[in-house]
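> any chance you can model this:
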Amino acid sequence: MGTRQGFFLDRRVLTANMRPMFRLAHFSDPHLGPLPDPSLWQLASKRVLGYMNWRGNRLRSMGGDYLARLLDDMDAARPDHIALTGDLVNIALPAEIAAARDWLTAVAAPERLSVVPGNHDAYVPGALKSAMQAWSDYMTGDDDAMTHTGSAHFPFLRRRGPLALVGVSTAKATAPGFASGRVGVRQTRRLTETLAGLGEAGAFRVVMIHHPPFKGATSWAKRLEDASRVRAAIKRSGAELVLHGHTHIDSRTMIEGPNGPVPVIGVPSASHAPGGRKPGARYNLFDIAKTDGGWTCHLEERGFIEIGGGIEVIDRAELVIPSR
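Residues are numbered from 1 along each chain as shown. From the prediction side, this is the model:
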């Protein structure tokens, strides 16, 4: 198990004053394979290291049908919406980006699936722009559909039932040996304003981000460089839930909000084989409902534990959502 901090209650019994639940699924870091054969000029960059890592490590640890089986299980759970927090590809080859677009289409329609990019989607300069163009339908806000056709605009905002999904980009091209991310001043300012407005409207705010924004989440070379900006935005304006990927582990922690701690939930890679150093492929289901006293949010973690085993319920917990 990954990092867990104690902010969970025993599961509550649903009562008559609880409104219908909204089911949100979250998965991350599929690192879609197999990797296309790159040309020599495409490897004349940081990509050569990523290609070697794929051949020597990820081809083994992320092979098999774990992702396909996980998605079948997710589909059977009938979520109202799906959040995917980055690293769709490995070294951001043009063929990878195009194949990821076809894969997204097979997973769900853009209206039902929201995506933010990860560091592997921005592996080399220019890759993020290509990915944003190819996947724009999945990372464009409701109000941006007409004005930002063909490109993504961050943070984007999508309203789905009682939820407001706020997609933040931390993706950027980095030097060899680095996998860090950055939000930037302008995006942070928009994030702060967006969260404040949604709080006034009474929405359940879900922040989607690839790099985790809490302290000590990763090594220095893989960190979110300006994580303090994200924490400051949430401390000032609030949120109900933060979802991230990047670390390939299951983690649950909190960051400070204006009305109490905000749950921050990470999920392992959706493609990883069980039995290794990192947990096997998993995804999370969140059942969210409005009550007279605030919000309830039940978490169910599903995935693979043993080699040769099937998908299991790994954990269930009731998240404590800060009240306004």
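
> doesn't W295 lie inside a strand?
Yes. The assignment for W295 (DSSP: H, G, I helix; E, B strand; the rest coil) places it in a strand.

> can you tell me the closest non-neighbouring residue to it?
I321 (4.3 Å; C-beta to C-beta, 6 or more residues apart in numbering). Using the backbone N, CA and C atoms, a C-beta is placed for each residue, glycine as well.

> does that neighbour belong to a helix or a strand, and which?
For I321, there is no host helix or strand (DSSP states H and E).

> and Q133, by the same measure?
With DSSP H and E as the criterion, Q133 is inside helix 127-134.

> G177 now?
Secondary structure from DSSP H and E places G177 outside every helix and strand.

> residues in contact with the nearest residue to it once chain neighbours are set aside?
Nearest residue to G177, sequence neighbours excluded (C-beta to C-beta, 6+ apart): A221, at 6.2 Å. By C-beta atoms under 8 Å, 6 or more residues apart in numbering, the contact list for A221 reads 177-180.

> residue nearest the centroid of the protein?
Using C-alpha atoms, centre = their mean, the residue of the chain that lies closest to the mean C-alpha position is T85, 2.1 Å off.

> which residues touch it?
26-29, 116, 118, 208-210, 243-246, 267.

> and the strands in the stretch 1-150 of the chain, which stretches?
Secondary structure of the stretch 1-150 of the chain (DSSP state E, counting those that start in this stretch): strands at 8-9, 22-27, 81-84, 113-115.

> quick one: list the elements packing against the last one.
If you count contacts as 3 or more C-beta pairs under 8 Å, 6 or more residues apart in numbering; DSSP states H and E, strand 113-115 packs onto strand 81-84, helix 94-107, strand 163-167.

> need those in JSON lines (columns: mean neighbour count and distance to F156).
Putting those into JSON lines (neighbours: other C-beta atoms under 10 Å; distance: least, C-beta to C-beta, whole Å) gives the following:
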{"stretch": "strand 81-84", "mean neighbour count": "25", "distance to F156": "12"}
{"stretch": "helix 94-107", "mean neighbour count": "16", "distance to F156": "15"}
{"stretch": "strand 163-167", "mean neighbour count": "25", "distance to F156": "4"}
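
> nearest to L35, out of these?
helix 94-107 (7.1 Å; C-beta to C-beta).

> which other helices and strands does that closest one contact?
Using 3+ C-beta pairs under 8 Å, 6+ apart, helix 94-107 sits against strand 113-115, helix 127-134.

> got a list of contacts for the longest one?
Outside helix 127-134, the residues that touch it by C-beta under 8 Å, 6+ apart are 88-89, 92, 94, 97-98, 100-101, 117, 121-122, 139, 150-152, 171-173.

> just the buried members of those residues?
Those of these that meet the buried threshold are 88-89, 92, 97, 100-101, 117, 121-122, 139, 152, 171-173, by 16 or more other C-beta atoms under 10 Å.

> looking at these, which is nearest I288?
Closest to I288, out of all of the buried ones among the contacts of helix 127-134 and judged by C-beta to C-beta, is M139, at 21.6 Å.

> isn't that closest one up against L157?
No. Proximity of M139 to L157 does not meet the contact threshold set by C-beta atoms under 8 Å, at 11.3 Å.

> centre of the chain to stretch 105-120, how far?
The chain centroid and the centroid of stretch 105-120 are separated by 10 Å under C-alpha atoms, centre = their mean, to the nearest Å.

> what does stretch 38-54 give?
26 Å.

> helix or strand with the lowest mean pLDDT in this structure?
Every helix and strand of the chain was ranked by mean pLDDT, DSSP states H and E. The lowest is strand 8-9, at a mean of 42.

> strands along the stretch 201-324 of the chain, start to end?
Going by DSSP E, counting those that start in this stretch, the stretch 201-324 of the chain shows strands at 204-208, 241-244, 251-257, 260-266, 282-291, 294-304, 311-319.

> tabulate the ones you listed (JSON lines), appending mean pLDDT, distance to T105 and mean neighbour count.
What follows is the strands of the stretch 201-324 of the chain, written out as JSON lines (pLDDT from 0 to 100; distance: least, C-beta to C-beta, whole Å; neighbours: other C-beta atoms under 10 Å):
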{"stretch": "strand 204-208", "mean pLDDT": "98", "distance to T105": "20", "mean neighbour count": "26"}
{"stretch": "strand 241-244", "mean pLDDT": "98", "distance to T105": "22", "mean neighbour count": "26"}
{"stretch": "strand 251-257", "mean pLDDT": "97", "distance to T105": "30", "mean neighbour count": "20"}
{"stretch": "strand 260-266", "mean pLDDT": "98", "distance to T105": "26", "mean neighbour count": "22"}
{"stretch": "strand 282-291", "mean pLDDT": "97", "distance to T105": "19", "mean neighbour count": "21"}
{"stretch": "strand 294-304", "mean pLDDT": "97", "distance to T105": "24", "mean neighbour count": "21"}
{"stretch": "strand 311-319", "mean pLDDT": "97", "distance to T105": "24", "mean neighbour count": "17"}
